[in-house]
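*Asks:* Okay, here's the prediction I keep looking at, along with the sequence it came from:
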Amino acid sequence: MQLLNEEVRDFTRKKFEAELRNPVHLVYFQKEKSPLIVPGREVQEDCGFCPETKQLLEELVELSDKIKLTVYDFEKDPARAAEFQVDKVPAIVVMGEKDAGIRFFGIPSGYEFMSLLEAIVDVSRGETELTEETKAALKKLNREVNIQIFVTPTCPYCPVAVRLGHQMALESPLVKAAMVEATEFPELTQKYEVFGVPKTIFNDSLSLEGAVPEEMFLEQVLKAGSQEVH
């Protein structure tokens, strides 16, 4: 049974035909067996949405010859997981010729399906819709900034935060940004005290709640990177 109905497939196909420029590589990590404790990694008991996430990506790949999918097993390919800095599954890396640090942890369903489509388009085009001021500020970063955006599929405001994070990762080699589906990773939800979504964590030290304007999001990125706002 298909996850994407014909209306969504038709919309997605037309969007890809109109907006994709260069090839996009989706790298997917899943887990197929009982948990294996690996030093330095989060312990995750199962991967309930791994099959559905894989199917979703397979259906997307069918809609454009510009999109390629590679699937790895999280536990059988630890070197690949380490290479892509993947510590939990399901995990999706959206990349072009280079890895810009754009990640999805958990199935990008509901409103987050559009976040995935927009990430694919942005990576394919190699450009973002951020303001010139934001792009210039990101070039001044001198420390890495890791962004985690906690979401749920039913949150209509979450894609705004996810898109901002992913676009900033695309603009700066020092920024990495991940959507994290809150209900699939309860230990992280508890760790970061996620009581509402979207909630965005910057370098484990700063946070923002709600969908905020680009300028406010950038301010937290710069603070996390020890870069003053000018």
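*Replies:* Structure received. Residues are numbered from 1 along each chain as shown.
*Asks:* helix/strand/coil for Leu141?
*Replies:* Of the three states, Leu141 takes coil according to DSSP: H, G, I helix; E, B strand; the rest coil.
*Asks:* how close does it sit to Gln190?
*Replies:* 30 Å (CB to CB, to the nearest Å). All C-beta atoms are positioned from the backbone trio N, CA, C, and that covers glycine.
*Asks:* More neighbours: which of these two?
*Replies:* Leu141 (20 against 9; other CB atoms under 10 Å).
*Asks:* Against Lys176, how distant is that one?
*Replies:* 12 Å.
*Asks:* Check Glu17 too.
*Replies:* Distance from Glu17 to Lys176, counting by CB to CB: 30 Å.
*Asks:* residue ranges of the helices in the chain, please?
*Replies:* Ranges of helices in the chain, per DSSP state H, are 6-19, 50-61, 78-83, 112-125, 132-138, 158-171, 186-191, 214-224.
*Asks:* what residues does the fourth one touch?
*Replies:* Pointing back at helix 112-125 there. Outside helix 112-125, the residues that touch it by CB atoms under 8 Å, 6 or more residues apart in numbering are 8, 12, 15-16, 19-24, 26, 60, 66-67, 92, 94-96, 100, 102, 104, 108, 128, 151, 153, 158-159, 162-163, 166-167, 170, 179, 181.
*Asks:* ok, 7 Å please
*Replies:* 12, 15, 19-22, 24, 66-67, 94-96, 100, 102, 104, 108, 128, 151, 153, 158-159, 162-163, 166-167, 170, 179 (CB atoms under 7 Å, 6 or more residues apart in numbering).
*Asks:* Tell me the gap between that helix and the middle of its chain.
*Replies:* 10 Å (CA atoms, centre = their mean, to the nearest Å).
*Asks:* Give the closest residue to Leu138 in space, chain neighbours not counted.
*Replies:* Ser172 (4.2 Å; CB to CB, 6 or more residues apart in numbering).
*Asks:* follow-up on the earlier one: look at Glu17 and Lys176 and report which has more neighbours.
*Replies:* Lys176 (21 against 11).
*Asks:* what's the distance between the closest residue to the more buried one other than its chain neighbours and Val94?
*Replies:* Leaving aside its sequence neighbours, Lys176 sits nearest to Gly101 (CB to CB, 6+ apart; 3.3 Å). Computed as CB to CB, the Gly101 to Val94 distance reads 10 Å.
*Asks:* Please apply the same query to Ile102.
*Replies:* According to CB to CB, Ile102 and Val94 sit 5 Å apart.
*Asks:* now do Ile149
*Replies:* 14 Å.
*Asks:* Then Pro153?
*Replies:* Look at Pro153 and Val94: by CB to CB, they are 18 Å apart.
*Asks:* more neighbours, these two?
*Replies:* The residue with more neighbours, out of Pro153 and Val94, is Val94; 26 against 16, by other CB under 10 Å.
*Asks:* hey, what's that one bridged with?
*Replies:* The bridge-partner assignment for Val94, based on DSSP bridges, gives Leu26.
*Asks:* quick one: it and Pro23 touch, right?
*Replies:* No - with contact defined as CB atoms under 7 Å, Val94 does not reach Pro23; the gap is 11.8 Å.
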